[in-house]
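Q: Please find the sequence and the predicted model below.
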Amino acid sequence: MTRTTSRVLLRSAAIALPLVVAGFCSLSPALAQGKSTLSIGQNADLTSFDPTELRAGTYVSTHLLYNSLIRLDAEGKPQPELAQSWTRSEDGKTLTLKLQPNVKFHDGRPMTSKDVAFSFDYAKTPAVGANILPLAQMISKIDTPDDQTVVMTLVSASDAIYDLLDLAFIVDSKHPKTIKTSGMGTGPFKLTDYEPGQQITFVRNENYWRQKPAISRVTIKIIPDLQSSVAQLRAGTIDFLPLVSREALEQLSGTGLKTGVAAAEGRVLDIGINTKAKVFDNPDVRRAVNLAIDRARIAHDVVGGNSVPKCLPWPVRSKREATGMENSCKYDLAAAKALIEKAGATGAQVELLSYSQAEPALGAMAQILQDSLKQIGLTATISEMSEAAFVARFRKSNFQFTTHFYVRAGRSPSAVLLTAVPFRSKGNVSGIDSKQYQDDVALVTSAKPGADTDAAFKRINTFLLDQAWVLPVATLPVQWASTPKLEGVTFNLDGMPIFEKASVR
Amino acid sequence: MTTYLARRIFQWIPVLLISSIIVFAVVRALPGDPADVIAGADATPEVVEQIRLAYGLDRSYPAQYLAWLGHIAVGEFGTSYIYHRDIGELIFSRLPYSLLIAVTGLLVAIAIGIPAGLYAGLREGRLADWMTSFASALSIATPDFWFGIIMILIFSVSLGLLPPGGFISAFESPLGFVAALVMPSLTLALHGTAMLTRFTRNAVIDTLGQDYVRTARAKGLPRSRIVVWHVLRNSLIPIITMTGILLGRMLGGAVVIEAVFAWPGIGRLLIQSIINRDYGVVQGVLIILVLFFLVLNLIVDLLYGIVDPRIRLARENG
């Protein structure tokens, strides 16, 4: 290479380098997009737009695309949504709803009572695999006397029906085969682009039946790695993270980003015990495990400052159903050890299942429990497994005891009893089979609150604590983080974000 | 050459058949099935059974295998249980992203690894050799997810120079396309570069001891000619083998990098589908990867012939 050539190359580089650097520097703000757009980072892949699949992947998209008939407020009181009003018969078994007029699907077709009836029938079809199936079975018949009226005949008078109406989203009855892929709803945003595993784009529904959202475009970016999603939020390429861990919240403190709790009781960590399994078939051993759970430590050290210890499954606001027994769980290793000795189980080997892949707090909770159990004379081996492997074993009652968490834990006690599998009164995976418990659960999930349901709840609480097959441990709040510019995001009782009234400053 | 190629491709049929059986069996050996995942932990056994029935999972394994094989034979991969979309579309929409990152990562590894290995090999036992070996060992020992996160924190969060993740289309922004490719490619190339450096160094040291190199030196040929034509060229056979293996690894094994940089590649699709027990997608991706390795092996074999005429002659005579 001659000296002249070298000089020319150096000069070119001197000109080109600042241009390239300037180009790269200008790239990040460009990626942050305009102010009327919102970019959301989501760890779970969005594989389906079916609103009956209430999973981590559909946590954000469901309220973008769909509306439900009512919405429960923070106190669990029903507020109008697609149903502008409703009346309930004296016996509570007939619910008549008047629909909002002028509601249209994204393709412009008017929504009618036929779509409402179809949506509930769809959710009730077992092969659909809807999470709300047990709640949907509360409806025995739906009549549609006219396009704006829906009459539901219910099997019970329970208020859990409002949880169903809050969770059942209305889908397009004209295209049943594309429910999982089209995202056709009446919601404030329309699906425009779907790149599996990468990003999903929604634009504002210009014909929305009430005030149009301020945000014109929403993008959900799938970022499987939590650390990476936090880095993207800090770098400004995403505006909102719907679910962040305690560690991420700690990382984000002091960065100027907003964080908050979407649902303080959205999820609850629990320990499930198989009453038919070796060692645990003795109730004293199960009671000993209950005494050996350091709930305060797990709430504080594993979940973080927003978690509270739990002893009974009911939300904090459900004082009536707790019947004064919500603080009955004690951490007492000496008493636990005495029970183990009484049961003759000292030195017993037990297997504790964990599936941290679904929720990292499960693994940490398992380790704390393992240590406590060692101190009372039980040797627990932790079997870590994938969620699918766990579900396969759990459903077949092929376990001794397990870490677990249940969702929709902030809903009414009736809804918790109907939907959370550990509390099931019939076909219980933990082997609980009590006629009294079945009767009591049937009563509280079907009757209006009164003296008889109060007595039944007292018996249920006593039975839960005495038989100790499911041990609620601590709340697992749904926590979010966002750019300080994002305002007006609201959440449902389970922590699902709603962007209808959100804006980016 | 045509006969050779035809013979090689014909040999793929039993390999693909055996692979398909292994893939099918291994996927079903995993505990749990798609119905468990679709239904979730809260569903009753009756609901799970209904789902199993709806998706044809109640059929015997041989029946399921033959049905799948029949579809594959005509180029149909079926519909994903979880994505509810055509599996072929899913796989082939992800494959270009994986190929892009794998090829870019490999080019980075070649561009750094081969010159570095050559440099170290020519200076065996000297400081440069020690330093190169140290850098290689350090690179291999460095976890790629950690390296990726550190890169994001430095170049995206602190300096704001590069996008922290995701793919940017070249049609949207050519500069963005390149910028989005920089960190994933460098991270993916981290281990590959170190391996290529060590392979090249060892191959060069072996070749330097050969008689024909000594003869070339004795003939008084210029050092550059000896290095390029006699040393490097004769060291290329193991390097080509290594490069082929690396490309295969980078295509299917970039899961961690794809997760850290939110890169929509096939590795992530595979892992996610294994987690979800999405049998059809797992089987489809693995069969495509097997096919890719077969093609790669063929290309590597053909390259041997280009680099070493003796292999070409033997093939033509055989």
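A: Okay, I see it. Quick caveat: nothing in here was measured; it's all calculated off a predicted structure.
Q: C-alpha from now on. contacts and neighbour counts both.
A: Fine.
Q: So which residues on the stretch 151-300 of chain B come close to chain A?
A: Contact residues, the stretch 151-300 of chain B versus chain A (C-alpha under 8 Å from any C-alpha of the partner chain): B:152-153, B:156-158, B:160-166, B:175-176, B:179, B:259-264, B:269, B:275-277.
Q: Neighbours of residue 47, how many?
A: No chain was given, so I picked chain A. Look at A:T47: counted by other C-alpha atoms under 10 Å in any protein chain shown, it has 20 neighbours.
Q: think we crossed wires, I meant chain B
A: By other C-alpha under 10 Å, 21 other residues sit near B:V47.
Q: what's the answer for B:L186, then?
A: 23.
Q: If we ignore the residues flanking it in sequence, what's nearest it?
A: In space, and not counting its chain neighbours, B:L186 is closest to B:G105: 6.3 Å by C-alpha to C-alpha, 6 or more residues apart in numbering or on different chains.
Q: what secondary structure does the one you found sit in?
A: Three-state call for B:G105 (DSSP: H, G, I helix; E, B strand; the rest coil): helix.
Q: which residues does it contact?
A: B:P184, B:S185, B:L186, B:T187, B:L188, B:A189, B:M250 (C-alpha atoms under 8 Å, 6 or more residues apart in numbering or on different chains).
Q: could these go into a markdown table alongside pLDDT, secondary structure and distance to A:E81?
A: Rendered in a markdown table, the data for the contacts of B:G105 read as follows (pLDDT from 0 to 100; DSSP: H, G, I helix; E, B strand; the rest coil; distance: C-alpha to C-alpha, whole Å):
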| residue | pLDDT | secondary structure | distance to A:E81 |
| --- | --- | --- | --- |
| B:P184 | 94 | helix | 45 |
| B:S185 | 94 | helix | 48 |
| B:L186 | 94 | helix | 50 |
| B:T187 | 94 | helix | 49 |
| B:L188 | 93 | helix | 49 |
| B:A189 | 93 | helix | 53 |
| B:M250 | 86 | helix | 50 |
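Q: neighbours around the closest residue in space to A:T58 that isn't next to it in sequence, how many?
A: Nearest non-adjacent residue to A:T58, counting by C-alpha to C-alpha, 6+ apart: A:L46, 6.1 Å away. Neighbour count of A:L46, defined by other C-alpha under 10 Å: 26.
Q: any idea how far A:L46 lies from A:S216?
A: 21 Å (C-alpha to C-alpha, to the nearest Å).
Q: Same check on B:D129?
A: As for B:D129, its distance to A:S216 is 58 Å (criterion: C-alpha to C-alpha).
Q: got a list of what A:A447 touches?
A: With contact taken as C-alpha under 8 Å, 6+ apart, A:A447 is in contact with A:S156, A:A157, A:S158, A:T453.
Q: Give me the pLDDT for the residue nearest to the second one when sequence neighbours are not counted.
A: The shortest distance from A:A157 to any non-neighbouring residue, by C-alpha to C-alpha, 6+ apart, is to A:G92 (4.4 Å). What the model reports as pLDDT for A:G92 is 90.
Q: I figured A:G92 hits A:S156, correct?
A: Yes - with contact defined as C-alpha atoms under 8 Å, A:G92 reaches A:S156; the gap is 7.2 Å.
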